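Participant: Have a look at this prediction, sequence included:
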Amino acid sequence: MNFYINQKIQINNLRIDSVSNSSVLQIGSAGMIRSLSSLYNTGGFTGPAPEATEPLDPVTPLVPLTPPAPAAPTLL
């Protein structure tokens, strides 16, 4: 049995808090979602990466960050 679905979707604001390697974001309808995982060596590397070293100078963020807001008091 085949279903044909016509949709008009308008998204004014979309907030995604987290993305991981196995995340799926679906907007609308899908008959089946098949997982796919591909690993490519686009840099042409032939051996393992060197061990990480600690930076010499403290790292400052490229974007100035504001301190978090204080927690709101809970009403009992």
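Facilitator: Perfect, I can see it now. Numbers count the residues shown, from 1 in each chain.
Participant: Would you quantify the distance from Pro70 to Met1?
Facilitator: 56 Å (CB to CB, to the nearest Å). No exception for glycine: its C-beta is placed from N, CA and C like everyone else's.
Participant: Of these two, give the one with the bigger neighbour count.
Facilitator: Comparing Pro70 with Met1 by other CB atoms under 10 Å, the one with more neighbours is Pro70, at 6 against 2.
Participant: For that one, which residues are in contact?
Facilitator: If you count contacts by CB atoms under 8 Å, 6 or more residues apart in numbering, Pro70 has none.
Participant: Tell me the secondary structure of it, please.
Facilitator: Here Pro70 is recorded as coil under DSSP: H, G, I helix; E, B strand; the rest coil.
Participant: element containing the most centrally placed residue in the chain, please.
Facilitator: Among the residues of the chain, the one closest to the centroid is Val19, at 2.3 Å (CA atoms, centre = their mean). Assessed by DSSP states H and E, Val19 sits outside every helix and strand.
Participant: now do Pro73
Facilitator: Here Pro73 is assigned to no helix or strand, by DSSP H and E.
Participant: Good, we can wrap up now.
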